[in-house]
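> Please find the sequence and the predicted model below.
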Amino acid sequence: RIVQALEREQPAVLVVDESGAALMADILPRLDFALQIVGPDSEELAVPAPHAWHGRRAFDATRPHEVEPAACDASALAYLLFTSGSTGRPKGVPLTHENLLAFMESAILRFAPAPEDRFGQISNLSWDVSILESHVAWATGASVHRLPDQLARIPAYVREQRVTHWFSTPSVAMLLQDLHALVPDSLPSLKCSVLAGEALPTSLVQAWRAAAPNSTIENLYGPTEASVAIACHRWSLGDDDEFVPLGEPLPGQTIVACDEQGEPVADGVAGELYLSGSHVACGYRSNPDETERRFVRCAEGRLWYRTGDLAKRTARGWHFIGRVDDQFKIQGYRVERLEVEALLREAAGTQNAVIVTLPLKDQSRILALHGVVANSSLDSATILRRCRERMPAHMVPLAIHLRDIPRTSSGKADRASLRELLLTPPAVPDDRVAP
């Protein structure tokens, strides 16, 4: 995936950390253009021509001099992020300075950071929420504090450094909960907690509120194509549905739900979300086919992005239902993944549980549900029995797998990798699987 992105864009300079440097031996021989690589000092790394490596010592020896920032237009590219493509090739999402500034203005207005505030940073730089953690802090004079990689150490670090602003996926909060690190009053310095990237369970918010009693809790919604986020909902005691609403659009942004013909649906009716406004990109970089499929210009000339997300509008704002392509047909029934996962988590007694679909035996067109559970105190047979007690027969997973759940760089469950792992037969029989 990295090679595909590099070949497509052919950048002049590549900046890597230690983990990125470890990949260079495999990546560089596959590139047919020259790269200037900036990374940590290394005595062992052999960089083949025509590439060149520049370690920290080389920069320390360089005489510093002032350089005026280059002038740029609002329509110029600010950053390029790659998201998964349906063809297996990543799609480049180009966001302009205009997109970035529009989001930052919305975020500053919403979260009201001050110079004395201290932002925690946990996101990988390849996930656009890192823009919120860094640029919004710097724009208002706040400081940025990198949180420990070891999750169990995070609450103590937040307390010691008096971190005031938190940003992560719900999955990170679930992992803290499973590690027994999310206990009442464990995050007292937080005054603003933003959770994004996945459906946000109300039960998780209630646990977070106990841990961070002085913090507001925001559910932030938006794909990469909408410059980090386009909608937000501030949780309150009246939010007692299973999942927290997506909320209302940020200033200057528009959301509508449409049917399969692209026509708006009435309030309370589920439809695919279309997004428009100053946060929204104009298309995918060098990918006209995907741009035409996902970015739609209406008769009046307004550009809309089709998200593939299903939602409906209620009196409390937009509510996420699932994905257009996230419905399974099991035994003739249409099944929403989120619904099955919610019941699986209840049965397993942990939030760290997901559902994946796998072929039923050798019939590749017939799918079966499999539950994957991590950090549960229950065995797989007990979880499966509890599933049968809670679910209709067609929703009960064919098997329960007790194992770690791989994560993407943004902390989301990596379902594609998990599916591959489950399809690979174990070297020895696995007694942690209950059929």
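Received it, and whenever you're ready, just let me know what you need. Numbering: from 1, shown residues only.

> CA atoms for contacts and neighbours, from now on please.
Noted.

> all strands in the stretch 151-300 of the chain, in order from the N-terminus.
Ranges of strands in the stretch 151-300 of the chain, per DSSP state E, counting those that start in this stretch, are 165-168, 192-196, 216-221, 231-234, 248-249, 253-258, 271-277, 295-297.

> and the fifth one, what's its mean pLDDT?
What that stands for is strand 248-249. Average pLDDT, strand 248-249: 96.

> low-confidence ranges in the protein?
By pLDDT under 70, the low-scoring segments of the chain are 84-89, 326-329, 331-334, 360-366, 425-435.

> sorry, back to before: wait, which of the strands of the stretch 151-300 of the chain is closest to residue 93?
Among the strands of the stretch 151-300 of the chain, the nearest to residue 93 by C-alpha to C-alpha is strand 295-297 (11.9 Å).

> quick one: the closest one to chain centroid distance?
24 Å (C-alpha atoms, centre = their mean, to the nearest Å).

> do stretch 127-141 as well
For stretch 127-141, the distance to the chain centre is 16 Å (C-alpha atoms, centre = their mean).

> picking up where we left off before, now the strands of the stretch 151-300 of the chain in a markdown table, with distance to residue 64 and mean neighbour count?
Shown next, in a markdown table, are the strands of the stretch 151-300 of the chain (distance: least, C-alpha to C-alpha, whole Å; neighbours: other C-alpha atoms under 10 Å):
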| stretch | distance to residue 64 | mean neighbour count |
| --- | --- | --- |
| strand 165-168 | 34 | 22 |
| strand 192-196 | 38 | 22 |
| strand 216-221 | 41 | 23 |
| strand 231-234 | 43 | 22 |
| strand 248-249 | 45 | 21 |
| strand 253-258 | 43 | 20 |
| strand 271-277 | 41 | 24 |
| strand 295-297 | 45 | 18 |
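
> and of those, who's closest to residue 313?
Closest of those to residue 313 is strand 253-258, at 8.0 Å (criterion: C-alpha to C-alpha).

> Enumerate the positions of stretch 407-420 that are buried.
Buried residues in stretch 407-420, counted by 16 or more other C-alpha atoms under 10 Å: 410, 411, 412, 413, 415, 418.

> and the last one, what element?
With elements delineated by DSSP states H and E, residue 418 resides in helix 415-423, which encompasses its position.

> got a list of contacts for that helix?
Helix 415-423 is contacted from outside by 356, 357, 358, 405, 406, using C-alpha atoms under 8 Å, 6 or more residues apart in numbering.

> residues in contact with the last one?
What it means is residue 406. For residue 406, the contact set (C-alpha under 8 Å, 6+ apart) comprises 413, 414, 415, 417, 418.

> Can you lay out these as CSV showing distance to residue 303?
CSV is the format used below for the contacts of residue 406 (distance: C-alpha to C-alpha, whole Å):
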residue, distance to residue 303
413, 31
414, 31
415, 31
417, 34
418, 36
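
> which SS class is residue 371?
strand (DSSP: H, G, I helix; E, B strand; the rest coil).

> ok so, going back, is it possible to get JSON lines of the strands of the stretch 151-300 of the chain that adds distance to residue 325?
What follows is the strands of the stretch 151-300 of the chain, written out as JSON lines (distance: least, C-alpha to C-alpha, whole Å):
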{"stretch": "strand 165-168", "distance to residue 325": "25"}
{"stretch": "strand 192-196", "distance to residue 325": "20"}
{"stretch": "strand 216-221", "distance to residue 325": "18"}
{"stretch": "strand 231-234", "distance to residue 325": "22"}
{"stretch": "strand 248-249", "distance to residue 325": "24"}
{"stretch": "strand 253-258", "distance to residue 325": "15"}
{"stretch": "strand 271-277", "distance to residue 325": "11"}
{"stretch": "strand 295-297", "distance to residue 325": "17"}
